[in-house]
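A.B. asks: Can you look at this prediction? I've put the sequence above it.
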Amino acid sequence: MTAGSGNRILVVEDDPAILELIRKNLEDAGYGCVCAGDGKTAAERMDEEKFDMALLDIMLPDMDGFTLMDYCNYHKIPAVFLTARSDVNDKVRGLKLGAEDYIVKPFEIVELLARVERVLRRYDKGGARLQVYDIDVDTEARLVRKAGELIPLTPKEYALLVMFIRNKNIALFRDRIYECVWEEEYMGDSRTVDLHVQRLRKKVGLEDKIVPVYKVGYRLEVDE
């Protein structure tokens, strides 16, 4: 009842606690994860292996994240900076070097996963298969099957389902759901989210599994 194996992501972070947090959540979401704690090791891994994406800290031992972007560009690996450096000049520099995105710590895991999926989709690398209960999601073909039967979902319903599966057992706030799925600022209208979640629950038969969380939003409950 967990996500299946999918895209390989290189995570470069010298803080062991943050590295483990990212690794666990990426793997729970169905991604293959390779970790490096310094720039030199990360560069060697890129020379030796194939990756669909990289998450790069900037301040690293041996070789900083900006320098690692040269390796990402050479190997055609889309990269996202994940760093505590919030200075706008650093952000501009990172984007000019070719980074797809720039996320400032501290960050929410749900936001990180949404941005990872967006980058992979942009590069047509959304090859992970997700599975929960009797529901199977082919994220490359964007098809959903329940007990082998194809279930037609709207783009927003599909995005909601993927978000719930990638964040199973986590209470998701309505504003975060809206901003990740609709990709625009949440203006306080909870009805849009509620109606789409209700339709999704009914279509995929998860009425008793995608549960409301009082004054928060919703949570997909899955037995680990």
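C.D. replies: Great, that's in hand.
A.B. asks: Spell out the secondary structure type for residue 43.
C.D. replies: helix (DSSP: H, G, I helix; E, B strand; the rest coil).
A.B. asks: State the pLDDT value of it.
C.D. replies: On pLDDT, residue 43 comes in at 96.
A.B. asks: which ones are touching the residue of the chain most remote from its centre?
C.D. replies: Distance to the chain centre peaks in the chain at residue 62, reaching 27.7 Å (criterion: Cα atoms, centre = their mean). When contacts are counted by Cβ atoms under 8 Å, 6 or more residues apart in numbering, residue 62 touches 38-41. Any C-beta I mention is one placed from the backbone N, CA and C, and that applies to glycine too.
A.B. asks: between those residues, which has the most around it?
C.D. replies: In terms of neighbour count, residue 39 stands highest of those at 24 neighbours, by other Cβ atoms under 10 Å.
A.B. asks: Let's see the pLDDT reported for that residue.
C.D. replies: Reported pLDDT for residue 39: 95.
A.B. asks: isn't it right next to residue 61, touching?
C.D. replies: Yes - look at residue 39 against residue 61 with Cβ atoms under 8 Å: they come within range, at 6.7 Å.
A.B. asks: Helix or strand: which one has the residue nearest the centre of the chain?
C.D. replies: The centroid of the chain falls nearest to residue 113 when counting by Cα atoms, centre = their mean (1.8 Å). Assessed by DSSP states H and E, residue 113 sits inside helix 109-122.
A.B. asks: Show me which residues of that helix are buried.
C.D. replies: Neighbour-count burial for helix 109-122, counted by 16 or more other Cβ atoms under 10 Å, picks out 109-110, 112-117, 119-120.
A.B. asks: Show me the contact partners of stretch 111-131.
C.D. replies: 1-7, 9, 22, 25-26, 29-31, 52-53, 55, 78, 80, 82, 100-101, 103, 136-140, 142, 162-163, 165-167, 176, 180.
A.B. asks: Show me the domain layout of the chain.
C.D. replies: The chain is divided into the following domains under automatic domain parsing: 8-122, 129-220.
A.B. asks: distance between the ends of the first one?
C.D. replies: So that's domain 8-122. End-to-end distance for domain 8-122: 16 Å, by Cα to Cα, to the nearest Å.
A.B. asks: pLDDT weak spots in the protein?
C.D. replies: The model of the chain has pLDDT under 70 over residues 1-6, 124-128, 224.
A.B. asks: hmm, try it at 50
C.D. replies: For the chain, the stretches flagged by pLDDT under 50 are 1-5.
A.B. asks: Please enumerate the strands of it.
C.D. replies: Along the chain, counting by DSSP state E, strands occupy 8-12, 32-36, 53-56, 79-83, 101-104, 129-132, 135-138, 143-146, 149-150, 172-173, 210-213, 217-220.
A.B. asks: Which of those sits closest to residue 193?
C.D. replies: strand 217-220 (7.3 Å; Cβ to Cβ).
A.B. asks: Which strands or helices does that closest one pack on?
C.D. replies: helix 155-166, strand 172-173, helix 174-181, strand 210-213 (3 or more Cβ pairs under 8 Å, 6 or more residues apart in numbering; DSSP states H and E).
A.B. asks: what would these look like in JSON lines with distance to residue 91?
C.D. replies: Listed next are the helices and strands packed on strand 217-220 as JSON lines, based on distance: least, Cβ to Cβ, whole Å:
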{"stretch": "helix 155-166", "distance to residue 91": "26"}
{"stretch": "strand 172-173", "distance to residue 91": "25"}
{"stretch": "helix 174-181", "distance to residue 91": "19"}
{"stretch": "strand 210-213", "distance to residue 91": "33"}
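A.B. asks: Done for today, thanks.
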